[in-house]
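Visitor: Task: produce atomic coordinates for the following.
(one chain, ligands or ions: 1)
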Amino acid sequence: MAETTSPPLSESLAKLSLTQPLPKFPNCYPEFNPVDIYRAHLTSILADVTGVDSKIIYPALQWTQTLEKGDLVLPVAALRVKGKKPNELAVEWAEKFPESPIVEKPSAAGTFLQFFFKVDKLAQLLIPSILQRGKDFGLNPALGLKDPEDPSKGPKRMIVEFSSPNIAKPFHAGHLRSTIIGGFLSNLYKGAGWDVVNINYLGDFGKQYGLLALGFGKYGSEEALLADPINHLYEIYVKINVDLKAEKDEIKKLEEEGKDASELKNEGLDEQARRYFKAMTDNDEKAIALWSRFRELSIKRYKETYARLNIHFDDYSGESQVKQENMDAAAKKMEEMGISEVSEGAVIIDFTKHVQGKAGKSLERPIIKKKDGTALYLTRDISEMLQRQEKYNFDHMIYVVASQQDLHLKQLFKIIELMEYHDLAKKVQHINFGLVLGMSTRKGTAKFLDDILRDVAEKMHEVMQKNEAKYKQVENPLAVADILGISSVMVQDMSGKRINNYEFNMDAMTSFEGDTGPYLQYAHARLCSIARRADIPTSELLTADLSLLTEPHAINLIRVISQYPDVVQNTLKTLEPATVITYLFKMTHTLSSSYDHLRIVGSEKELMKARMALYDAARVVLNNGMRLLGLSPVERM
Ligand SMILES: NC(=[NH2+])NCCC[C@H](N)C(=O)O
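Guide: Got it, this is the predicted structure:
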């Protein structure tokens, strides 16, 4: 990618006979988003035509889903002009609208004014800017500033907590989705200039880790632990839980028969696990050492897998990292403020006493401290949030957790509010998502992320081998198959709205037909191959005569790619990966229908350059969109 610096915007605008400086508006970034040039320009004209304050006009200009409706539309009613009907005003304003160098005269469509950009001018504004900005096109680092007027105050800080699996337990679909969606949100905010911290909050504490330590003594092997900690710890966990179940059954049987079960109760696995965990919480060195090895080896393995997904965590936090003294302080505060109460020996929060009506009832009566004094999941989350606030002083924090835990997070956020951490309560947000149904691989129900990734990669490798000629040209087919497999899983996951459940369908996701990961990758590889064959340096593309791009297919493609920065901006509102995916499919469909009409090979040199500039701009947009989603675009496949 050419990293030449762009000429100042005023210069490019002057070439289009826009000599007046553009008026400034909040959230208007003409250097980052060419469509904002049109917004500013249209607003100043519309202010004259309508007599309405430009501050009202600017935010009313909307982007369109289908290009037949124009590049931007104005819902007339949004200007709140009294006395005339919106459809009459639309006709009146359309007639009054003066000639513009960059926009066609608008047309009235019912209560809307539709604006179509003059595409030759749009191409001149857009394509060189995409080629010059390269991987930065679509990003806007100004959005995350603490103070847009004073960049020296630096960016706002965002915490994204995601993935958060439990050590020695399966990495299930909920963790998979959290990983994919969280990685995406982290990229999205980074691109918007926020200072983003990725946190993985591991499930790594509790009596079950005492049990695991006992299991390791009985079934563990040092060698197996080092070779594959995740699977080995899980195997041990399963075995020791079988033993525990047998013990419980035995106790039950003895008691039913009226026999003495006290020895099993006092010396059995359950009690030993409890003691082991107690030793851990009392900072017993030996107990902690073993457990912390489990934790470290697991993290090491996780890191390798996350790297395949382009994901990196700044902080491996976890339930174990919540300090006892902080939990004690929070418990004291809740007690003093009358938030918590003792009920049957345990400490609980009865939300009906703090929140009126249905809402209070729906928050239920969670336990925050068990009879034996142990803290629970919810208790840890309260103190963890306060610790994070202390450590990171964040401006916003997102928890990416399955909708099955909606209640848990509602309780957590409400408790923080009741504790009168009002600022903090406003900064936290739960991003939830639905279930994955039937997540099984060919070897049975998937347990770990690695198993899933291995299986889809194998499947993709088979699919690739079907095209022998192409397969031979791929330098490292197994690595490419791995990337394609990952893309399949991720695109399927991100295609629907987050809250919807979806069916894990290996055949559908790995197909080249339909809106799949491999299809997107193929579209990207094809653009790369066109660029390789044309072999025109970017410096030459920058001087291409873009007025040659007159065919309807070229015009459509220019208009679609101009929408990309708006799509990213809109995604910051929806926080839905599907907003980006839907757009990328719209764009790649426009592309694939263009190839026959906009040929490179055999075209005259100047036309070839102009078309190649357009394709290259499309490649940049596709590449940027894919990376925003967390995919690794391939150049050959
Ligand atoms: N702060 C949180 N509670 N994050 C979600 C943690 C998810 C938890 N480890 C689980 O697997 O269910």
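
Visitor: any idea how far Lys55 is from Asp150?
Guide: 22 Å (C-beta to C-beta, to the nearest Å). Where C-beta positions appear, they are placed from N, C-alpha and C, glycine not excepted.

Visitor: Show me where the stretch 201-350 of the chain has its helices.
Guide: For the stretch 201-350 of the chain, the helices defined by DSSP state H, counting those that start in this stretch cover 207-219, 222-227, 229-256, 262-267, 269-281, 285-308, 324-336.

Visitor: who wins for proximity to Asn33 among these?
Guide: helix 285-308 (31.8 Å; C-beta to C-beta).

Visitor: and the closest one, does that touch the ligand?
Guide: No - using C-beta under 6 Å from any ligand atom, helix 285-308 never reaches the ligand; the gap is at least 12.7 Å.

Visitor: From the contact counts, what lies against that helix?
Guide: Other elements packing on helix 285-308 under the criterion 3 or more C-beta pairs under 8 Å, 6 or more residues apart in numbering; DSSP states H and E are strand 195-202, helix 207-219, helix 222-227, helix 229-256, helix 269-281, helix 449-465.

Visitor: quick one on the thing from earlier: redo the helices of the stretch 201-350 of the chain as JSON lines? Include mean neighbour count and mean pLDDT.
Guide: Shown next, in JSON lines, are the helices of the stretch 201-350 of the chain (neighbours: other C-beta atoms under 10 Å; pLDDT from 0 to 100):
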{"stretch": "helix 207-219", "mean neighbour count": "21", "mean pLDDT": "95"}
{"stretch": "helix 222-227", "mean neighbour count": "12", "mean pLDDT": "96"}
{"stretch": "helix 229-256", "mean neighbour count": "16", "mean pLDDT": "95"}
{"stretch": "helix 262-267", "mean neighbour count": "12", "mean pLDDT": "93"}
{"stretch": "helix 269-281", "mean neighbour count": "18", "mean pLDDT": "93"}
{"stretch": "helix 285-308", "mean neighbour count": "16", "mean pLDDT": "95"}
{"stretch": "helix 324-336", "mean neighbour count": "15", "mean pLDDT": "96"}
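
Visitor: Quick one, which of those gets closest to Gly318.
Guide: Using C-beta to C-beta, the helices of the stretch 201-350 of the chain put helix 285-308 closest to Gly318, at 7.5 Å.

Visitor: Output that closest one as CSV, nothing but the C-alphas.
Guide: Output of helix 285-308 as CSV, limited to C-alpha atoms (Å, rounded to 0.1, in the frame of the first residue of the first chain):
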residue,chain,number,x,y,z
GLU,A,285,2.2,-21.9,49.2
LYS,A,286,2.1,-25.5,48.0
ALA,A,287,-1.6,-25.4,47.2
ILE,A,288,-1.2,-22.2,45.3
ALA,A,289,1.8,-23.3,43.4
LEU,A,290,0.1,-26.3,41.8
TRP,A,291,-3.0,-24.3,41.0
SER,A,292,-1.1,-21.4,39.5
ARG,A,293,0.8,-23.8,37.3
PHE,A,294,-2.5,-25.1,35.9
ARG,A,295,-3.5,-21.6,35.3
GLU,A,296,-0.3,-20.5,33.6
LEU,A,297,0.0,-23.5,31.4
SER,A,298,-3.7,-23.1,30.4
ILE,A,299,-3.2,-19.4,29.6
LYS,A,300,-0.1,-20.3,27.5
ARG,A,301,-2.2,-22.7,25.4
TYR,A,302,-5.1,-20.3,25.1
LYS,A,303,-2.8,-17.6,23.9
GLU,A,304,-1.7,-19.8,21.0
THR,A,305,-5.3,-20.4,20.0
TYR,A,306,-6.3,-16.8,20.3
ALA,A,307,-3.4,-15.8,18.1
ARG,A,308,-4.9,-17.8,15.3
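
Visitor: Any chance you could list what contacts that helix?
Guide: 163, 165, 167-168, 179, 200, 202, 204, 209-210, 212-213, 216, 225-226, 228-230, 233, 276, 279-280, 312-313, 316, 318, 320, 449-450, 453, 482, 486 (C-beta atoms under 8 Å, 6 or more residues apart in numbering).

Visitor: same check, this time on stretch 143-158
Guide: Contacts for stretch 143-158 (C-beta under 8 Å, 6+ apart): 26, 141-142, 189, 192-197, 392-398, 569, 572.

Visitor: let's see it at 6 Å
Guide: 189, 192-196, 394-396 (C-beta atoms under 6 Å, 6 or more residues apart in numbering).

Visitor: His430: what secondary structure?
Guide: strand (DSSP: H, G, I helix; E, B strand; the rest coil).

Visitor: so who does it touch?
Guide: 399, 409.

Visitor: Give me the spatial nearest neighbour of whatever residue of the stretch 451-600 of the chain ends up closest to the ligand, chain neighbours excluded.
Guide: For the stretch 451-600 of the chain, the residue closest to the ligand is Arg498, as judged by C-beta to the nearest ligand atom, at 15.6 Å. Computed as C-beta to C-beta, 6 or more residues apart in numbering, the closest residue to Arg498 that is not its neighbour in sequence is Phe433, at 4.2 Å.

Visitor: Same question for Glu335.
Guide: Val347 (7.6 Å).

Visitor: hang on, isn't the one you found packed against Glu341?
Guide: No - with contact defined as C-beta atoms under 6 Å, Val347 does not reach Glu341; the gap is 7.2 Å.

Visitor: ok, those two, which is more surrounded?
Guide: Val347 (20 against 14; other C-beta atoms under 10 Å).

Visitor: what residues does this protein put near the ligand?
Guide: Counting by C-beta under 6 Å from any ligand atom, the chain sits next to the ligand at 161, 164, 166, 201, 203, 381, 399, 401.

Visitor: Mind doing that once more with 5 Å?
Guide: 164, 166, 201, 203, 401 (C-beta under 5 Å from any ligand atom).

Visitor: residue contacts, Ser186?
Guide: 160, 196, 198.

Visitor: what about burial for those residues, which qualify?
Guide: For those, a burial check counting by 16 or more other C-beta atoms under 10 Å picks out 160, 196, 198.

Visitor: TSV for those residues, including pLDDT?
Guide: Shown next, in TSV, are the buried ones among the contacts of Ser186 (pLDDT from 0 to 100):
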residue	pLDDT
Val160	99
Val196	98
Asn198	98
